[in-house]
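# Using only what follows, build the 3D model:
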Amino acid sequence: MPHPANTPVSVAIPDPATQPRAFLEHLFRAAVTRALPLENTARYLPAPPTSQSGGRTIVIGAGKAGGSMAQAVEALWPLDAPLEGLVVTRYHHIPPRPTGLPQRIEIVEAAHPVPDAAGLAAAERILAMVQGLTKADLVLCLISGGGSALLSLPADGLTLADKQRINKDLLNSGANISEMNCVRKHLSRIKGGRLAAACAPARVVTLTISDVPGDEPSIIASGPTVPDATTCADALAILKRYGIEVPASVLADLQSSALETPKPGDKAFIGHAVHMIATPQQSLEAAAEVARAAGLAAYILSDEMEGESREVGKVHAALARAVALKGQPFQKPCVILSGGETTVTIRRQPEGTPRGRGGRAGEFCMGLALALQGQAGVHALAADTDGIDGVEDNAGAYVEPDTLQRALAAGMKLDTFLDRNDAYGYFDPLGGLVVTGPTHTNVNDFRALLIL
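Next up, the predicted model:
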């Protein structure tokens with residue numbers, strides 16, 4: 001499958017009846033293209049500070065789309081207006097620089113989903129960069145999904161190793177993104193609005209790409225420049241709910257509210273602006289438009305689906321079977337689309353069992369395939385719009401009517417792979433992985449079911 005970020009959506013739409021996989025991949029490219037920063041940034045850029053004011057424009061930010069967002073600002077910002085800054089993105093997520101585009105914003109790389117020393121160093125540099133600003137200065141903050149791990153600056157009493165362990169525990173716990181980021185905000189010196197407070201008295205304009213259900217800015221990348229309505233008590237409840245330990249001194253600071261974040265109404269946010277430049281719903285609508293152009297009915301279930309990935313897959317399968325067998329609630333042929341952010345609870349394995357490889361999209365596809373039981377006429381693709389499902393090199397996976405049959409013929413029982421969360425190991429031998437490389441944007445999960 002060609003790289004979505006560098007491939008415009010072709011006018012020629014593959015025939016869904018004869019090329020179902022190519023058709024679904026085409027829908028995915030349409031969704032990704034709709035969310036690319038260069039397509040969405042211009043209308044939200046503020047005017048540069050006037051030369052008479054002597055103000056500077058500083059660009060800061062973090063996320064999987066950070067590199068492409070920075071390049072979009074560089075391409076659109078007046079060449080005669082000063083521009084400087086630092087943005088951090090995931091390793092291997094810096095897009096090729098367009099010919100002739102001067103680099104005015106430094107882009108660095110760090111680890112995701114577990115933070116590393118490079119992310120810590122970038123966060124320290126960003127925080128130092130916004131010290132001593134004036135009312136004449138403008139700060140452009142570019143935020144996208146993944147920023148929580150990439151912009152890691154532990155609260156006092158926490159080491160990077162502590163943050164790494166807590167982050168892994170959260171990822172493996174089954175906690176949803178709102179819960180994880182509530183904890184992250186309260187265990188940070190830069191998240192949960194603290195970065196905005198550090199920019200004062202400069203004006204802050206935040207441009208963000210949503211990767212969370214509900215498009216709530218305070219959840220995206222743990223909201224470094226927006227107010228946080230959650231509390232230390234909320235973070236404590238989440239840590240208790242999932243049995244996640246923190247150092248005793250940090251626990252005491254949470255209990256005393258010493259780690260509280262800036263709240264709505266705080267004067268630190270006066271005059272600030274937040275613009276949502278791309279959302280999951282917009283990408284789903286772009287895919288739906290392509291499906292309708294191919295002569296199919298298209299239905300968007302929701303862009304806010306959450307829950308255990310395999311269980312969400314089973315629910316989608318039940319719907320697809322109802323359409324295929326009963327013509328309810330939709331008539332075939334049709335396309336069913338959904339988005340959101342599901343979760344994967346990592347199952348503990350016996351000693352010596354191979355470690356499973358996979359992510360949310362692959363786990364969804366395993367649950368879907370299991371429940372479909374080879375239903376004729378149903379094809380599906382699920383992928384993460386950033387191009388990386390979990391920590392492997394695939395964006396997601398593809399399910400065909402004969403997926404289960406071919407796997408069994410190869411001696412692969414789906415239950416075994418589900419038990420160890422090994423979607424990569426299941427779909428790779430079947431040629432069912434969807435591989436795109438980094439797309440340089442991120443509006444979270446994309447799922448498309450084609451029912452013929």
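# Run a quick neighbour tally on Arg97.
The tally of other residues near Arg97 (other CB atoms under 10 Å) stands at 13. No exception for glycine: its C-beta is placed from N, CA and C like everyone else's.
# likewise the one 10 residues further on?
Residues lying near Ile107 (other CB under 10 Å) number 23.
# export the helix or strand hosting Val87 as CSV, just CAs?
Element membership for Val87 (DSSP states H and E) is strand 84-90. Included here for strand 84-90 are C-alpha records, laid out as CSV according to Å, rounded to 0.1, in the frame of the first residue of the first chain:
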residue,chain,number,x,y,z
GLU,A,84,11.9,30.1,15.5
GLY,A,85,11.1,27.1,17.8
LEU,A,86,11.4,23.5,18.7
VAL,A,87,8.9,20.6,18.1
VAL,A,88,9.3,17.0,19.1
THR,A,89,7.9,14.0,17.2
ARG,A,90,8.2,10.2,17.3
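# Just checking: what are the partner strands of it?
Looking at strand 84-90 with DSSP bridges, its partner strands are strand 57-62 (parallel), strand 106-110 (parallel).
# Is it possible to get CSV of those that adds distance to Lys185 and mean pLDDT?
What follows is these, written out as CSV (distance: least, CB to CB, whole Å; pLDDT from 0 to 100):
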stretch, distance to Lys185, mean pLDDT
strand 57-62, 14, 98
strand 106-110, 19, 98
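# Show residues contacting the strand holding Val87.
Residues from elsewhere that reach strand 84-90, judged by CB atoms under 8 Å, 6 or more residues apart in numbering: 56-67, 69-70, 104-112, 118-119, 122-123, 125-126, 129, 140, 142, 146, 150-151, 388, 438.
# Make a ChimeraX selection of whichever of those turn out to be buried.
Buried subset of the contacts of strand 84-90, written as a ChimeraX selection, criterion 16 or more other CB atoms under 10 Å:
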select :56,57,58,59,60,61,62,63,64,65,66,67,69,70,104,105,107,108,109,110,111,112,118,119,122,123,126,129,140,142,146,150,151,388,438
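# mind putting the strands paired with strand 84-90 in JSON lines, distance to Gly243 included?
Listed next are those as JSON lines, based on distance: least, CB to CB, whole Å:
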{"stretch": "strand 57-62", "distance to Gly243": "29"}
{"stretch": "strand 106-110", "distance to Gly243": "28"}
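# closest one to Ile177 among those?
Nearest of those to Ile177, taken as CB to CB: strand 57-62 at 15.7 Å.
# mind exporting the closest one as CSV, just the C-alpha atoms?
C-alpha atoms of strand 57-62 as CSV (Å, rounded to 0.1, in the frame of the first residue of the first chain):
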residue,chain,number,x,y,z
THR,A,57,7.1,34.2,17.2
ILE,A,58,8.1,31.0,18.9
VAL,A,59,6.8,27.6,17.8
ILE,A,60,6.7,24.7,20.2
GLY,A,61,4.9,21.4,20.2
ALA,A,62,4.8,17.7,20.4
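# Give the next helix or strand downstream of that strand.
Counting by DSSP H and E, the next helix or strand C-terminal to strand 57-62 is helix 66-76.
# where does the stretch 251-400 of the chain dip in pLDDT?
349, 352-354 (pLDDT under 70).
# domain parsing for this structure?
Listed by automatic domain parsing, the domain ranges of the chain are 4-35+280-451, 37-278.
# sorry, back to before: where does the strand holding Val87 sit relative to the chain's centre, distance-wise?
Using CA atoms, centre = their mean, to the nearest Å, the mean C-alpha position of strand 84-90 is found 17 Å from that of the whole chain.
# tally of neighbours for Leu27?
29.
# ah, wrong one, I meant Ala237
For Ala237, the tally of surrounding residues (other CB under 10 Å) stands at 14.
# which SS state does it fall under?
Reducing the assignment to helix, strand or coil with DSSP: H, G, I helix; E, B strand; the rest coil, the entry for Ala237 is helix.
# re earlier: quick one: average confidence on the strand holding Val87?
Averaged across strand 84-90, the pLDDT comes to 97.
# So what's the residue count around Arg194?
If you count neighbours by other CB under 10 Å, Arg194 ends up with 22.
# looking at it, it is touching Glu260, isn't it?
No. Contact status for Arg194 versus Glu260: not in contact, 10.5 Å apart, counting by CB atoms under 8 Å.
# Show me which positions of the strand holding Val87 end up buried.
For strand 84-90, burial by neighbour count (16+ other CB under 10 Å) applies to 85-90.
# Quick check: nearest residue in space to Lys314, chain neighbours excluded?
Of all residues beyond its chain neighbours, the one nearest Lys314 is Ala371 (4.2 Å), with distances taken as CB to CB, 6 or more residues apart in numbering.
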